[in-house]
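[1] Predicted model, plus sequence, below.
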2 protein chains.
Amino acid sequence: MAASSSKFKEENSSSGNVTRLSYDVVEWSSYSPGYHPKLIKENKPDDLTSRWLSESGRPPQHVTLQLSHPAIVTEAVFGKYCRPHACNVHKLKIMGGMNSEYLVRLAEGELKNDGCSETIALRHTLKNGPFPCLYVKIVLLDTWGQTNFSLWHVDLLGITDPSIVKGAAHRLKEFQQEEAVRLCLKHLRQNDYQEAFASLQKQAHLDLEHPLLTELHHELVQEGDYTKAELIFTRAVSDGLLDSHIKEQPLQAIWEMIEDKSCEVNSWPCARGGHQLCLDVNAQLIYLFGGWDGIQELSDFWVFNINGKQWKCLSRDTTQQGGPSPRSCHKMCLDAENQIIYVIGRYLNQDTRTSLFTITVPGDFYSYSIQTGKWEELSSDTHADGGPKLIYDHQISFNPVNKTVYLFGGRVITSYLQEGVGDDHIFSGLYAYQCLERKWVCLRPDYTKKDLLTYPDQMKPRMAHTMVLCREKQMLYIIGGQREKESLCDMWQYNISSDTTLLLTDGSNQHQPAAGYTVRATFEPSNSELYLHMGISRRETASSSEDSNSNSIWVYTTETKKWSKVTSISPSPCPRYAYQLVYDPTNNTHYLFGGNPGTPSASSLRLNDMWTMKIKRQTRENLLQKCVYTIRKQKYNELTRVDPSDALRYLQTTLAECVNHNNPAHSQEFRSLTSQLFSEVDSLPSVREIRSQLFDKISSLFPPTLSQPRADLINFIDY
Amino acid sequence: MAASSSKFKEENSSSGNVTRLSYDVVEWSSYSPGYHPKLIKENKPDDLTSRWLSESGRPPQHVTLQLSHPAIVTEAVFGKYCRPHACNVHKLKIMGGMNSEYLVRLAEGELKNDGCSETIALRHTLKNGPFPCLYVKIVLLDTWGQTNFSLWHVDLLGITDPSIVKGAAHRLKEFQQEEAVRLCLKHLRQNDYQEAFASLQKQAHLDLEHPLLTELHHELVQEGDYTKAELIFTRAVSDGLLDSHIKEQPLQAIWEMIEDKSCEVNSWPCARGGHQLCLDVNAQLIYLFGGWDGIQELSDFWVFNINGKQWKCLSRDTTQQGGPSPRSCHKMCLDAENQIIYVIGRYLNQDTRTSLFTITVPGDFYSYSIQTGKWEELSSDTHADGGPKLIYDHQISFNPVNKTVYLFGGRVITSYLQEGVGDDHIFSGLYAYQCLERKWVCLRPDYTKKDLLTYPDQMKPRMAHTMVLCREKQMLYIIGGQREKESLCDMWQYNISSDTTLLLTDGSNQHQPAAGYTVRATFEPSNSELYLHMGISRRETASSSEDSNSNSIWVYTTETKKWSKVTSISPSPCPRYAYQLVYDPTNNTHYLFGGNPGTPSASSLRLNDMWTMKIKRQTRENLLQKCVYTIRKQKYNELTRVDPSDALRYLQTTLAECVNHNNPAHSQEFRSLTSQLFSEVDSLPSVREIRSQLFDKISSLFPPTLSQPRADLINFIDY
């Protein structure tokens, strides 16, 4: 991120290339005497007085820069004082444009509280080319301390080549003109100024929208032919014109509990938390091992047959078969091709550790062959073999491409003796176990607090996070977790091929899950989506929505890097800690088992309920049904005004046809429509008005490029 | 301001009357757990938990209320906790409207940090009737502490009568539709969509603007007939269509120094500060008495003949004639009808007071008869006679209507003994001296700090403020001053007839002078304007403008209650303390004499320079000349594109005619126009574009109701 601006050539020395832009500070919100905004033009990292200091700590504070010539501004470089400073800006946004009164957002960003200059890339394209600016406004939103705001130095970089900039300014103007005409066209048609509409459309040579929408407007608003309108809309759906809308619809989660239907004793695993599940997609089998039942650790081993919905016990105690000892907070993963399960790590309670007198407690590592039913101890001391120390609440993933188990994080278990020595706990780094070579590789060390001061940009080792593998891209995604008392909400990507990490988000964005302690992620390969299920949220914040984050489900699209929340439309399991969740992409189903409901009055209560959760997407059929219902409802509404008995007939036949009577809400809404038969007509909006509103509503489902402008002229009217 | 909401009837119990409106809290910025925004619906002044508390102290924070039915919302009542609280809101704004996404500003206000509920009146009319709201958004901008924000209780009051509200909603829609069509019309004409423009105007039956403007557009933009355009504009000016624009133009101040042209010794008063001037308008004489010359107090008495521009000494020492002793920081006023001058108050320095052993120091009061040339001691102890104690830096005004001298403020001089007793200084209240009865009346006592806690809404006694009388309205205006270490920026109005005070502004508005210590006010009766001259500003703050407030002049229009700054267009006197300024409305001239320039290196330096200052207003002639020049300049610009030699001829004749060659700036700008003869035509905007821009510029000088919308559609385009 940091950039030394000295590598950029001075303006005028080049054209088409990115150069440093000369500017003047022309306007500001406030300043403290002696700290004039113009001081940001100079870069003096050793000079405490070479900065703009606002007169107040109340955000927003801003400064407007005017370039000496219009330019395509591509980057803003923020120089700082050589050491961290409480007045340093934390959050800011950058606006720009040709007219200082009408600026658009070029960037929103954050700066670090350190002594390094930072570069923020600016949005500098409009849909049809580069975006020119004469003014750049820097709006400061937050400081690192609770202080007044300081900007130390700002360099703007961009393209000044007059042929590029002039062309851009010309295209911007053209775009604005066209959009303005489209706004007029929408308003003219909406208000039935037909002649002016036709004349303007003819002279401006502009398409207001997709021809099907124009046709729809004619039939629906002009003619009131609802049957034709319905046909046109149906065609638009089947032509795929509404697919982008369908894709944007929030996903829905449907939970269903799997009941234990067998009458046999011991045919269902006992209640537990801190256990492990792994799924064999091809065999449609889920393996369960270990956990804590509220009193003791377990070493039983089970398999669930998805098709038969039955559990079968493979072992009551794997120790008897040379397998792992009773344990919880371990991790398990499956090499499906070779039918091998790997188990590593465990939690040791204080008592156990007190009785240990060595400094390090050895960590074991087991494999289980599904074919032979045999356990093998791969290592009795993974650390001695070059792997991690004994850890718990870590994450592992098996990568079938290179036959490697990846392991990240977890808290290192130290003996009671050592525990007393240092203050800080140790968290494990990133390790890889190459299964064929039976060899451990340390990819990232167990960075300590001190190490992280030296390498602040490293992915912090942590515990109780979540990790998933994207096999196709060979990426690991790591989200959230805990480090000492710090709740982490960041999201990282580890590129297996290049051995590099990338911070995807630091968690400060409000439109993402407040990842906390009890988060489970799964991955859908078909569209590279990541699902996140929150158990009990530890960061319950009160935002504008009243929903709790507990038990919420989110989806992250790796392509767009955006989060969205999934709506649960059925009763869902109670929020919990220490549960397990696996995902079967072949039938789009999650499986959840057990956990700790965190009931204060029954702290040893654990669960053994099992649930499936399917993610449902909007389909063309859903959308069509919904819209046809809306169209017919309006037709019915019109009929009630002129012929109530005709309306009633329509309600009972044509309208009733498209109602989903299985859905109680739909069904009730439908039944409530009869009351419209008795409304007073004169208090209602005009027929044309409601037709036009319906058209606008339908039109807004189409992509912006295919439909009339979303904005309405009347909303720009100031009074 | 405080209102108990219980006196308002419940909704539904009345119609057309103002009732309490029922609402729901539907949206908010944040809240702290346990302090949900919905709690503002309940009024529990004793309950610390019955409030909305934001989760953050970062403004703005907001809450949106949805009314159960649309209403004309007239007032918002804010209930509070029974005692002051750091989380109490200080500044806020209130928005409202029918569509929650497009709200308009209903009020901007402040709340006190006390336990009393307060009512804020809301703007609830649109130009053509009442303004309906379904949503009210309360935006919190500042708290009294540096804390998170609390709102304790909100009641909305308004009119719910459906016939009123429905009519209002209908008119609002109509207004929005019309304005939207006007925006379209402007855009269509601007971009030469003539047919669509004509068709829309015909169908919408709307006047875009005054017919003269339509004609101007035709001649200027369509025909390019600049001569006709000029004639049309000239007619618009002479028809008074631009008078409101002319009235809004900033006033200009022209300072001129009066030089001492006499060659005689002692023909000009010596340098001084803390002296007094008073003006006899009819006689065109200015009287000067006393002051401090940097070393000693003075008791000389002078008169200045405005017509002859000469000073004449009436007395070298008034004590000799039985008049006042040498003094400074006294006050003087004139009863012009009876030709009597009153003198009261004086400063006593520490040394003098140390030598006094009584608790109160008596204050004397003198009158001077201009006709007889005789002084009379009206009182040797005004306090004993029911008047003020001995004071300095007070203000007095003679009210000719009831022949009364009004006196407000000033610091009470106490003996050295008393000075040591209490911590707080005493400031004098408001007194009236009825000249015919020779009787003092105390209108407002000398409120102490303690008194003001009991009566917080009282006008604080103060020193070094300014006061002027509006004879016509029988009002005193009091501005600024000092109380202990507090610099007051408030402005009060004292109604002489009703004996009531009204706070006009508390000084928190940024668009007003930062009234400080050295402020002098004068009054222009013809249009009820108040002029304020600042000497050296003690509240120099760094705002978005770089100008200092020192030596600035402001005008306050009592009708609109608005301040605007006057531009000085000539060299002005150096900033100073302790100067005097009088105003002669008959020839619109201020006279300034002497003062203390506050030179740190010469603390006893005082001045005896004398200046006149005239306030100049824009006239129809000025405006016409300026616009004709602009129109001809554009004609010239067009000519340069087609026929440079023709252009040069035009420049030297028609254009040269309307240049004010006496003004060096105009003259220079005119000369620079020749360079346009050599510009490259292809890099210039089109002729139609520049004509259209010129038209828009001229159109914007007309009142909004007579011209096309100010807004441009293209500026609403988002990208």
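    Now that the structure is in, tell me what you want to look at.
[2] For the rest of this, base every contact and every neighbour count on C-alpha atoms.
    Will do.
[3] Nearest to chain B within chain A, name that residue for me.
    Going by CA to the nearest CA, chain B is nearest to A:Ala196 of chain A, at 4.5 Å.
[4] which SS state does that residue fall under?
    helix (DSSP: H, G, I helix; E, B strand; the rest coil).
[5] What's the separation between the residue nearest to it when sequence neighbours are not counted and A:Leu188?
    Distances taken as CA to CA, 6 or more residues apart in numbering or on different chains put B:Ala196 closest to A:Ala196, at 4.5 Å, once the chain neighbours are dropped. Separation of B:Ala196 from A:Leu188 (CA to CA, to the nearest Å): 10 Å.
[6] So which bits of the stretch 251-400 of chain A are right by chain B?
    Contact residues, the stretch 251-400 of chain A versus chain B (CA under 8 Å from any CA of the partner chain): none.
[7] Hmm, I typed the wrong one, I wanted chain A.
    Counting by CA under 8 Å from any CA, chain A sits next to chain B at A:27-33, A:55, A:58-59, A:102, A:104, A:126, A:176-177, A:179-180, A:184, A:187, A:193, A:195-200, A:203-204, A:541-544, A:713-719.
[8] Just the buried ones out of those residues, please.
    Buried by 16 or more other CA atoms under 10 Å in any protein chain shown: A:27-32, A:55, A:58-59, A:104, A:176-177, A:179-180, A:184, A:187, A:193, A:195-200, A:541-543, A:713-714, A:716-717, out of the residues of chain A next to chain B.
[9] Just the residues you listed: which are in helices?
    A:Gln176, A:Gln177, A:Glu179, A:Ala180, A:Cys184, A:His187, A:Glu195, A:Ala196, A:Phe197, A:Ala198, A:Ser199, A:Leu200 (DSSP state H).
[10] related to what we said a few turns ago, now list whatever residues contact both of B:Ala196 and A:Leu188.
    Here B:Ala196 and A:Leu188 have A:Ala196, A:Phe197 as joint contacts, going by CA atoms under 8 Å, 6 or more residues apart in numbering or on different chains.
[11] List of residues touching the strand or helix carrying A:Glu689?
    Counting by DSSP states H and E, the element that carries A:Glu689 is helix A:687-699. Helix A:687-699 is contacted by residues A:190, A:213, A:216-217, A:220-222, A:224, A:627, A:631, A:634, A:638, A:707-708 when judged by CA under 8 Å, 6+ apart.
[12] First-to-last residue distance for stretch A:574-588?
    22 Å.
[13] Just name the shakiest helix or strand of chain A by mean pLDDT.
    Here the helix or strand of chain A ranked lowest by mean pLDDT, DSSP states H and E is helix A:416-421, holding a mean of 53.
[14] Next SSE downstream of that one?
    strand A:430-434.
[15] what's that next one packed up against?
    strand A:404-408, strand A:439-444 (3 or more CA pairs under 8 Å, 6 or more residues apart in numbering or on different chains; DSSP states H and E).
[16] the inter-axis angle of that strand versus strand A:404-408?
    Orientation check (axes from the mean of the first three to the mean of the last three CA atoms, to 10 degrees): strand A:430-434 against strand A:404-408 gives 160 degrees.
[17] So A:Ala71: helix, strand or coil?
    A:Ala71 - assigned by three-state DSSP - is strand.
[18] how much space between the closest residue to it other than its chain neighbours and A:Lys626?
    Nearest non-adjacent residue to A:Ala71, counting by CA to CA, 6+ apart: A:Thr160, 4.7 Å away. To A:Lys626, A:Thr160 is 52 Å away according to CA to CA.
[19] just A:Glu42 next, same as before
    For A:Glu42, the distance to A:Lys626 - CA to CA - is 60 Å.
[20] number of nearby residues for the residue nearest to A:Arg710 when sequence neighbours are not counted?
    Distance criterion CA to CA, 6+ apart; nearest residue to A:Arg710, sequence neighbours excluded, is A:Ser700 at 6.7 Å. Using other CA atoms under 10 Å in any protein chain shown, A:Ser700 is surrounded by 17 other residues.
[21] Quick check: which ranges of chain A have low pLDDT?
    Under the criterion pLDDT under 70, the flagged ranges of chain A are A:1-16, A:128, A:350-360, A:415-423, A:508-511, A:514-517, A:537-548, A:680-683.
[22] Do a quick rundown of the helices in it.
    For chain A, the helices defined by DSSP H cover A:162-190, A:194-204, A:211-217, A:226-238, A:243-248, A:350-354, A:416-421, A:449-454, A:620-642, A:644-650, A:656-657, A:664-672, A:687-699.
[23] Buried residues, the fifth one. List them.
    For helix A:243-248, the neighbour count (16+ other CA under 10 Å) marks A:Asp243, A:His245, A:Ile246 as buried.
[24] What sits closest to A:Phe233 if chain neighbours are left out?
    Of all residues not flanking A:Phe233 in the chain, A:Leu216 sits nearest, at 7.3 Å (CA to CA, 6+ apart).
[25] pretty sure the one you found contacts A:Ala229?
    Yes - A:Leu216 is within contact range of A:Ala229, at 5.5 Å (criterion: CA atoms under 8 Å).
[26] just to revisit the earlier point, for the contacts of helix A:687-699, I'd like a selection string for PyMOL - just the buried members, please.
    Applying 16+ other CA under 10 Å to the contacts of helix A:687-699, the buried members can be selected in PyMOL as follows:
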select buried, chain A and resi 190+213+216+217+220+221+224+627+631+634+638+707+708
